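**Q** Mind looking at a prediction? Sequence and model below.
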Protein chains: 4
Amino acid sequence: MSKGFKKRIRQENTENSGFGNRASGRFINKDGLPNVKRKGVNVFNRLSWYHTMLNLSSFRFITYLVVMYIFINLIFAFIYYLIGVEHLTGIDKSDPVNEFIDVFFFSSQTFTTVGYGRIAPVGFLASLVATFEAFLGLLTFAIATGLFYGRFSRPRAYLRFSDIALVAPFQDVTALMFRLAPYKNNALTDADVTLSAAIEINDGETLRSNFYRLETHLSKISTLALNWTVVHKIDENSPFFGFSADDFKNTNIEIIVHVRAFDEVFSNTVVQRSSYATEEIIYGAKFVPMYYPDKEKDSTVLDLDKINAYQRTEMPVFDTEKL
Amino acid sequence: MSKGFKKRIRQENTENSGFGNRASGRFINKDGLPNVKRKGVNVFNRLSWYHTMLNLSSFRFITYLVVMYIFINLIFAFIYYLIGVEHLTGIDKSDPVNEFIDVFFFSSQTFTTVGYGRIAPVGFLASLVATFEAFLGLLTFAIATGLFYGRFSRPRAYLRFSDIALVAPFQDVTALMFRLAPYKNNALTDADVTLSAAIEINDGETLRSNFYRLETHLSKISTLALNWTVVHKIDENSPFFGFSADDFKNTNIEIIVHVRAFDEVFSNTVVQRSSYATEEIIYGAKFVPMYYPDKEKDSTVLDLDKINAYQRTEMPVFDTEKL
Amino acid sequence: MSKGFKKRIRQENTENSGFGNRASGRFINKDGLPNVKRKGVNVFNRLSWYHTMLNLSSFRFITYLVVMYIFINLIFAFIYYLIGVEHLTGIDKSDPVNEFIDVFFFSSQTFTTVGYGRIAPVGFLASLVATFEAFLGLLTFAIATGLFYGRFSRPRAYLRFSDIALVAPFQDVTALMFRLAPYKNNALTDADVTLSAAIEINDGETLRSNFYRLETHLSKISTLALNWTVVHKIDENSPFFGFSADDFKNTNIEIIVHVRAFDEVFSNTVVQRSSYATEEIIYGAKFVPMYYPDKEKDSTVLDLDKINAYQRTEMPVFDTEKL
Amino acid sequence: MSKGFKKRIRQENTENSGFGNRASGRFINKDGLPNVKRKGVNVFNRLSWYHTMLNLSSFRFITYLVVMYIFINLIFAFIYYLIGVEHLTGIDKSDPVNEFIDVFFFSSQTFTTVGYGRIAPVGFLASLVATFEAFLGLLTFAIATGLFYGRFSRPRAYLRFSDIALVAPFQDVTALMFRLAPYKNNALTDADVTLSAAIEINDGETLRSNFYRLETHLSKISTLALNWTVVHKIDENSPFFGFSADDFKNTNIEIIVHVRAFDEVFSNTVVQRSSYATEEIIYGAKFVPMYYPDKEKDSTVLDLDKINAYQRTEMPVFDTEKL
């Protein structure tokens, strides 16, 4: 960090970031969640299992459901086995393994309420357990229905951010820019972006992070159908005013991005966050266009694989001594 | 396009349309979705199947469900058949076709959890497959429940737009107008409309589209129960100021409409978009009223079939040379 | 209507009511819905059956479900009967009535997926129909699940409005007032109210309704837990300035009320509308308080049955000639 | 209450609290709900059972479901018993108790639609009742599905408030402060807080509560991931300006807190309220920090068990006579 640069930051530290000066590490993870661990309060109160189930990948979610299904059936099979196979009709009593297999399948036929009846409870105890298993089965599928619906219908922005942010010449100055694009068949309108920066400042003795709001060249767009290149002009109002390539490399910077838009399918506001840390900022590069007219000239093609495509560019030289 | 008219556009091009100058073809399709094709990213990540299922017509949605139901049962029937019909009780073993028919129906009785029991699994393998089929059946219906609910409960504006926009005399100038009306038994309030225009400009060498915000005579209304005629006055602030009938015919114009209202049944904001291209703009015509008092004079009748009804009207002649 | 009073209305007619001058009868019904009939477009497109099902009373909703259940079972019973009872096992073939009764119950056991198996399909056709009936049954209950959830979870304000609006002395002038109170165990905050008036004006030849926005003494309150008396001061800015008791009686007036609040249980904005017509406005009366401290003095009691309680009051005499 | 202090409150009483002067007891309970009892209107109209079911603890909710399940089955068992066990096949007729046990389990097998078929209805009446029980069963589980989903998906802030508010030195004056922290794995952004105070004033004869809006040092923060200490500076604009330790102890005060934030998982605004009464305000104490860097210095740890941790602090002495 060039010694003199702290003086160059003219904007005042904003206090309402919600992060304190004693916080450490990245503030916002790449996936948009704050980098905070919670302690105290027991784990059941601290975790919302619904939020957890909503954030699982589809594959893990299905796996959990299947494992739980097998596990519940094993428990009930064990209970029926303890009660005694003589309280179930139609059991293959040739040997204990076959008995257990049959009570396991009886359990699953009860839990799913298929109830073929080939195996059926006759005694009081077996009937009672089966009564509760069927009830539990239905409630479980009621909960699964809610989880499936919660998972699909959860409004999400489905935005892809470029992995890197670039510093490039822009109009008569330079600008920090990154881009984002919607990658699914949703329809976003009235999008706006809020940028802030956490810059680590060495004020003689301690390291502390200051927060700055970054202005954007265009902070709102009407229809978010193509890619959107978000541009923060590095002029006098920017905390990066006068930063050299080395300043960008040697200062701990984190650009925090917060995008908000209206999804017309969900009729709901959706948000997505991301962040760019020092090592994800490239000085002296500009993005290559990622959309073009299609062959028939009657539509526009957005090539999502080009979102990170950039090329090197010459940077103007500023006389930082004069700043 | 009359050569001189570009100079006449006094308003500045707005940059925040979200569409670039290199985009081609209509920007917003008639149904309100952007005219953009996405490429890159594999198709599974690019399509939100939930958004897709929500946008299907009811008929196609039901058809998909039925086809999927038959398909899944065929697959399971095939599996049971491979395992061997001797592992199912009650199968009609007169010939292979009857066997397959019986395993198919056994599969459907398992998948729907009817489980009559006339046909029931006895071996380990058949029981295991049946266990998973019943589980899959319940999850499938859990998903179907979510899809049905997602489809009905999706907040939609249910607005019908006139197919055409008209240019008619209005107050002391002319105005571009179209109308819209709610056609379902929903209750919309606090409606507002945003209009913008994409106008293709030939600046000597290249064709490019500029975007302009269009002001509306009334941009908000309290209760959207009757039809709403949206009026854009073509005065000095309009990019169409001084356009002749020929200018309207020969310039590539697209009027992009964005309506937002509050639905009191869903308690949610709903939006609907549409657009009018050059060929959908009629110069010198005005709309015929589409609502009138009913016979008993105690209510108002809105005749939705008249939404496109217009009549020709004389246009004032402007001395465009003076503009 | 006193001849001179039209001149006294100083406020300008607002154009954005969304109702035209040719509309007739009450604008907003007492239940808050606009008094408009729709014509054209076929009835299936014009009615959102989901909105219709959501607005039914609980009793009618349940009745519809039961009737539909019996009806579907009768149709399927008829189909099975046509196919022939010999394709079902376990049918009581003593006489045609018993046969029909048994196929009816077989149908219901299939539709609900109970599937005892005492009666079970054996032929291809009966099995096929049963396969589809079970599928239809599950989809029907999937839809019912959605409807039940849609009905409970629909955000509603649950406000009770006083049946009448009063004109009473207020501060140094008079005011038009009515009151409203939440009657359910929901928690409303940040409530605001918008008032407008439709006043029928006889301008010599035709009768037309003009719309005016009415200012309210307090238009927002933080917590809507007790009753809220909404007060419109009749001062110079009011269209009712100078109205005598006779003017209120002889003019066609409609006060349109729009309340919006945030429900903390649904975490959603809820709205409710109502209206007061000429015959529901009482001149010279004021409301009796409807809440009081409870006996232990540690809570407040809101008596909802008193919402319409008022007492006559003396009105100040204004020299309307001077206005 | 020091006699002279009423004069010191310079701010005007706000009228839009929604609470009247005749209300009594705490205004907002600790859990955020208004301290109001409703009377009149019958209890079924006054209670939204859906709101009630949503607010039950998980344990009570499950208990209610189980009790209801047993209760419904007992009723149907009784009906089948009255109809006569001879209308059901497979009943163990050894003695009346066994008969009742078998009809009870038949009922539960019908209600859950398991329908093993070991016991099955044969007569018209028993079949009819079973038909309706299966239908009722499915509707009940449809409702349960809705309730489960309503319970999980209900947007909630999951904020923990400190039990106590403190009065501590702050900058050059003193301030009243409390803190709050998110305790679950949800992601809150754009949080804002609104504070108001109810202060009981003895104006000679009667006791009445006045309401004041309290300004906060920071009323909005961008990311609510760590704890947030809400600070109300006690300067000239505060109704507490010049309050001594005794004033805080002897005056009936209630600080009403209203926090609003955007939850990114639910994509919805969530709110939570709380209040601090006189006995929950500690004069001369400050909070101990509750977050710190983790050992690896790459993340921040929030210790939720420390939310109430404070230490005594010296208070500046103000010459209240001069105020």
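**A** Structure received. Computed from a predicted structure; not experimentally measured.

**Q** Show me chain A divided up by domain.
**A** A:13-37+A:156-322, A:48-153 (automatic domain parsing).

**Q** Residue A:211 bridge partners, please.
**A** residue A:198 (DSSP bridges).

**Q** pretty sure it contacts residue A:196?
**A** Yes. Counting by Cβ atoms under 8 Å, residue A:196 is a contact partner of residue A:211 at 5.9 Å. In this view, the C-beta of every residue, glycine as well, is placed from N, C-alpha and C.

**Q** And the domains of chain A: which comes nearest residue B:71?
**A** Nearest to residue B:71, of all the domains of chain A, is domain A:48-153, at 19.1 Å by Cβ to Cβ.

**Q** how long is the closest one from one end to the other?
**A** 18 Å (Cα to Cα, to the nearest Å).

**Q** circling back to that earlier point, which one, of the domains of chain A, ends up nearest to residue D:216?
**A** Residue D:216 lies closest, by Cβ to Cβ, to one member of the domains of chain A: domain A:13-37+A:156-322, at 10.9 Å.

**Q** any idea how far the closest one is from the chain center?
**A** 17 Å (Cα atoms, centre = their mean, to the nearest Å).

**Q** The helix or strand containing residue A:233 packs against which elements?
**A** When elements are assigned from DSSP states H and E, residue A:233 belongs to strand A:228-234. Applying 3 or more Cβ pairs under 8 Å, 6 or more residues apart in numbering or on different chains; DSSP states H and E, we find strand A:228-234 packed against strand A:165-170, strand A:173-182, strand A:188-202.

**Q** is it true that residue A:239 touches residue A:215?
**A** No. At 10.5 Å, residue A:239 and residue A:215 do not qualify as touching, with contact defined as Cβ under 8 Å.

**Q** out of these two, which sits in the busier spot?
**A** residue A:239 (24 against 14; other Cβ atoms under 10 Å in any protein chain shown).

**Q** for that one, helix, strand, or coil?
**A** What DSSP: H, G, I helix; E, B strand; the rest coil gives for residue A:239 is coil.

**Q** Next, count neighbours for residue A:282.
**A** Quick note: residue A:282 (other Cβ under 10 Å) scores 17 neighbours.

**Q** next one: residue A:64
**A** Using other Cβ under 10 Å, residue A:64 has 13 other residues around it.

**Q** same question, residue A:270
**A** Considering only other Cβ under 10 Å, residue A:270 is surrounded by 21 other residues.

**Q** what's the neighbour count on the closest residue in space to it that isn't next to it in sequence?
**A** Leaving aside its chain neighbours, residue A:270 sits nearest to residue A:157 (4.2 Å; criterion: Cβ to Cβ, 6 or more residues apart in numbering or on different chains). Counted by other Cβ under 10 Å, the residues lying close to residue A:157 total 25.

**Q** Next secondary structure element downstream of the biggest helix by length in chain A?
**A** Using DSSP state H, we find that the single longest helix of chain A is helix A:124-153. Using DSSP H and E, the helix or strand that follows helix A:124-153 in sequence is strand A:159-161.

**Q** what's next to that next one, contact-wise?
**A** A:178-183, A:257, A:259, A:272, A:274, A:304, A:307, B:41 (Cβ atoms under 8 Å, 6 or more residues apart in numbering or on different chains).

**Q** okay, those residues in TSV with neighbour count next?
**A** Compiled in TSV, those are given as follows (neighbours: other Cβ atoms under 10 Å in any protein chain shown):
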residue	neighbour count
A:178	26
A:179	22
A:180	22
A:181	25
A:182	26
A:183	20
A:257	23
A:259	23
A:272	19
A:274	23
A:304	19
A:307	22
B:41	17
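
**Q** Most widely separated two among the residues you listed?
**A** Pairwise across these, and taking Cβ to Cβ, the largest span is found between A:257 and B:41, at 20.1 Å.

**Q** For the closest residue to residue A:138 other than its chain neighbours, give me its contacts.
**A** Spatial nearest neighbour of residue A:138, excluding adjacent residues (Cβ to Cβ, 6+ apart): residue D:141 at 4.9 Å. Residues near residue D:141 by Cβ under 8 Å, 6+ apart: A:138-139, A:142.

**Q** Let me know how buried the nearest residue to residue A:231 once chain neighbours are set aside is, in neighbour terms.
**A** Closest residue in space to residue A:231, ignoring its immediate chain neighbours: residue A:217 at 4.0 Å, by Cβ to Cβ, 6+ apart. Using other Cβ under 10 Å, residue A:217 has 15 neighbouring residues.

**Q** Using the three-state scheme, assign residue A:217.
**A** Judged by three-state DSSP, the three-state class of residue A:217 is coil.

**Q** Contacts only, for residue A:88.
**A** So residue A:88 contacts A:80, A:102-103, A:106, A:119-122, A:126 (Cβ under 8 Å, 6+ apart).

**Q** now do residue A:313
**A** A:168-169, A:284-286.

**Q** So for stretch A:166-174, what gets flagged as buried?
**A** For stretch A:166-174, the neighbour count (16 or more other Cβ atoms under 10 Å in any protein chain shown) marks A:166-168, A:170, A:174 as buried.

**Q** will you turn the residues you listed into TSV that also has distance to residue C:280?
**A** Shown next, in TSV, are the buried residues of stretch A:166-174 (distance: Cβ to Cβ, whole Å):
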residue	distance to residue C:280
A:166	66
A:167	67
A:168	67
A:170	63
A:174	67
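
**Q** any idea which of the residues you listed is the one closest to residue C:61?
**A** residue A:166 (58.4 Å).

**Q** For the closest residue to chain C within chain A, give me the pLDDT.
**A** Nearest residue of chain A to chain C, counting by Cβ to the nearest Cβ: residue A:117, 5.1 Å away. According to the prediction, residue A:117 has pLDDT 91.

**Q** ok, now which ones touch it?
**A** Residue A:117 neighbours (Cβ under 8 Å, 6+ apart): B:115-117, B:120, C:116-117, D:115-118.

**Q** again, but for residue A:194
**A** A:213, A:219, A:257-258, A:260, D:222.

**Q** Please spell out which residue in chain A sits farthest from the middle.
**A** Each residue of chain A has a distance to the centre, and by Cα atoms, centre = their mean the biggest one is for residue A:94: 53.4 Å.

**Q** Quick check: phi and psi on the closest residue to residue A:167 other than its chain neighbours?
**A** Nearest-residue entry for residue A:167: residue A:283, 4.7 Å, with adjacent residues in sequence omitted and distances by Cβ to Cβ, 6+ apart. When read as degrees, to the nearest 10, the backbone of residue A:283 gives phi -90, psi 130.

**Q** ranking the domains of chain A by mean pLDDT, which is last?
**A** Mean pLDDT is lowest for domain A:13-37+A:156-322 among the domains of chain A, at a mean of 85.

**Q** Check whether residue A:198 really touches residue A:25, as I assumed.
**A** No. Taking contacts as Cβ under 8 Å, residue A:198 lies outside contact range of residue A:25: 10.9 Å.
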